[in-house]
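# Next input, structure requested:
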Amino acid sequence: MKKSSFLVLCMILLNGLGCSLVPNNGIGSGSARLAGRSRGPDFVTLVKQLQPAVVNVSVTMLPVPPSTRGVQPQGNFGDGTFGEFFGAPRSLPPVPLRQQGSGFIIGTEGTILTNARVVDGAKKIIVKLGDKREFEARIIGKDAPTDVAILKIDVKDSLPTIRLGDSDNLEVGEWVMAVGTPFGLDNSVSSGIVSGKGRHIGESYDRLIQTDAPLNPGSSGGPLINLNGQVVGINKAIVSETGGSIGISFATPINLIKEILPQLESQGKVTRGWAGISIQELNSALAETLGLEKPTGALVAGVIKDGPAYRGGIKLGDVILEYDGKLVTDALDLPLLIARTPIAKRVGVKIQRDREEIVLDLTVAELPEIQFRVGNQIG
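Numbering: from 1, shown residues only. Got it, this is the predicted structure:
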């Protein structure tokens with residue numbers, strides 16, 4: 001019998017993996033290049049400079065009552081005698097859950113970036129610095145759609161930091177370095193190249209960096225660093241058959257994080273625009289059926305009743321070609337365009353319907369929280 005093969009998408013937390021099945025320098029401005037053609041990239045210098053700014057994030061989560069073996073007797077026997085006599089175990093205290101991830105310092109006063117899923121459900125967060133000091137941290141802001149959280153620890157001295165770079169200038173084939181705490185091993189370093197950009201793994205605002213730098217459980221939330229010593233991404237997930245690294249890793253582009261940092265720091269959350277539609281990508285066959293010259297734009301697969309798009313006249317089967325003056329060349333870019341739109345702004349939307357182009361207006365509303373975890377195609 002032929003053995004079926006699956007790849008598993010794993011969020012790289014150390015606590016038991018969260019996985020889902022998926023089908024089988026010359027240093028200059030902008031992106032960094034090779035440190036020297038003869039010697040290759042100088043990771044040694046980068047590690048010495050930046051490793052102290054990478055931290056371990058250890059989380060104690062809300063306890064879950066343990067299951068007990070055997071059958072508990074009915075009724076209330078406060079002294080436990082009845083249960084012990086018949087072999088039923090005493091009730092055990094709830095067992096706290098723990099998980100570990102990584103993070104990095106962006107503010108000398110103790111501001112730290114990590115993944116939101118690292119601190120989800122946290123009852124207590126302990127941050128361990130590179131010099132082995134430990135501090136209890138509090139969450140300043142958290143955003144589930146981009147999987148980022150800001151932590152704060154109270155320190156009296158000035159801490160080392162890592163600069164945030166420009167992920168838009170990152171190029172496929174460029175060297176990068178990942179630092180984190182896989183399997184609880186503090187300040188572990190791995191390296192690789194950028195394998196791809198704009199990757200989508202099934203969440204609303206995915207346009208991820210793909211790299212072959214090895215990541216393992218506990219690396220989640222650590223920095224992906226270019227040869228300029230700048231953070232270009234936050235390590236997020238791996239694709240794996242075993243839960244360990246097979247050379248396919250993903251990081252959230254730092255530019256996506258930088259644009260929401262002011263809101264997270266001031267409000268603790270992110271406010272996003274919402275149009276009330278679900279969309280579908282186009283392929284060549286579908287584009288030909290709809291009378292399009294090429295498979296660009298976003299096919300409207302659903303319209304929420306009384307939502308902004310519904311009120312603006314957008315219908316099921318329309319193809320959105322432009323949004324607020326911007327061409328929609330890739331359907332997966334549209335949720336980001338809508339999310340970045342100020343609340344209550346009136347925007348023009350060019351659509352194709354029945355092989356004719358029409359321009360409609362819609363007024364963008366605020367994205368309801370209930371939509372945050374709904375599939376990647378909600379805008």
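
# tally of neighbours for the spatially closest residue to Gln51 that is not a sequence neighbour?
Using Cβ to Cβ, 6 or more residues apart in numbering and skipping residues adjacent in sequence, the residue nearest Gln51 is Asn187, 5.1 Å away. Where you see a C-beta, it was placed from the backbone N, CA and C, and this is true even at glycine. Residues lying near Asn187 (other Cβ atoms under 10 Å) number 17.

# just Glu356 next, same as before
So Glu356, with other Cβ under 10 Å, has 8 neighbours.

# For it, give the beta-bridge partners.
Arg353 (DSSP bridges).

# now it: how far from Arg311?
21 Å (Cβ to Cβ, to the nearest Å).

# what does Thr60 give?
Thr60 is 46 Å from Arg311, by Cβ to Cβ.

# ok, now Ile225?
46 Å.

# who touches Leu367 in this structure?
271-274, 339 (Cβ atoms under 8 Å, 6 or more residues apart in numbering).

# And Ile225 and Arg311? Which one has more around it.
Set Ile225 next to Arg311 and count neighbours by other Cβ under 10 Å: Ile225 wins out with 30 against 15.

# Name the helix or strand of the chain that has the lowest mean pLDDT.
None of the helices or strands of the chain scores lower by mean pLDDT, DSSP states H and E than helix 81-85, at a mean of 41.

# so where is the stretch 201-350 of the chain shaky, pLDDT-wise?
Counting by pLDDT under 70, the stretch 201-350 of the chain shows low-confidence ranges at 241-244.

# all strands of it, in order?
Counting by DSSP state E, counting those that start in this stretch, the stretch 201-350 of the chain has strands at residues 208-211, 223-225, 230-240, 249-253, 273-274, 277-280, 298-303, 319-323, 326-327, 346-353.

# ok now the second one, how far from the chain's centre?
Relative to its chain's centre, strand 223-225 lies at 14 Å (Cα atoms, centre = their mean, to the nearest Å).

# Tell me the strands beside it, with direction?
strand 175-180 (antiparallel), strand 230-240 (antiparallel).

# what comes into contact with it?
The contact list for strand 223-225 (Cβ under 8 Å, 6+ apart) reads 46, 50, 54, 104, 162, 176-179, 209, 211, 213, 231-235, 251.

# List the buried residues of the helix or strand in which Ile358 is found.
Taking DSSP states H and E as the criterion, Ile358 maps to strand 356-363. Neighbour-count burial for strand 356-363 flags 360, 362 (criterion: 16 or more other Cβ atoms under 10 Å).

# Just the CA trace of it, in PDB.
Only the C-alpha atoms of strand 356-363 are listed here, as PDB (Å, rounded to 0.1, in the frame of the first residue of the first chain):
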ATOM      1  CA  GLU A 356     -18.800  45.700 -18.400                       C
ATOM      2  CA  GLU A 357     -16.800  47.900 -16.000                       C
ATOM      3  CA  ILE A 358     -18.600  49.900 -13.400                       C
ATOM      4  CA  VAL A 359     -17.400  52.300 -10.700                       C
ATOM      5  CA  LEU A 360     -19.200  52.100  -7.300                       C
ATOM      6  CA  ASP A 361     -18.700  53.900  -4.000                       C
ATOM      7  CA  LEU A 362     -18.700  52.300  -0.600                       C
ATOM      8  CA  THR A 363     -18.100  53.700   2.900                       C
END
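
# Now the helix or strand following it: average pLDDT?
Using DSSP H and E, the next helix or strand after strand 356-363 towards the C-terminus is strand 365-366. Averaging pLDDT along strand 365-366 gives 94.

# what do you get for stretch 52-60?
94.

# got a list of contacts for it?
By Cβ under 8 Å, 6+ apart, stretch 52-60 touches 96-105, 112, 114, 118-119, 122-131, 137, 151, 159-162, 179-181, 184, 186-187, 221-223.

# Next, name the residue at the spatial heart of this structure.
For the chain, Asp147 is the residue whose C-alpha lies nearest the centre (Cα atoms, centre = their mean; 3.6 Å).

# and it, what are its phi and psi?
Dihedral angles phi and psi of Asp147 (degrees, to the nearest 10) take the values phi 60, psi 50.

# how about it, what does it touch?
Per Cβ under 8 Å, 6+ apart, neighbours of Asp147: 115-117, 203, 234, 236, 252.

# Which secondary structure state does Arg117 sit in?
When classified by DSSP: H, G, I helix; E, B strand; the rest coil, Arg117 comes out as helix.

# right, and it touches Ser220 too?
Yes - at 7.0 Å, Arg117 and Ser220 qualify as touching, with contact defined as Cβ atoms under 8 Å.

# out of the two, which sits in the busier spot?
Shown here are Arg117 and Ser220; by other Cβ under 10 Å, Ser220 has more neighbours (32 against 22).
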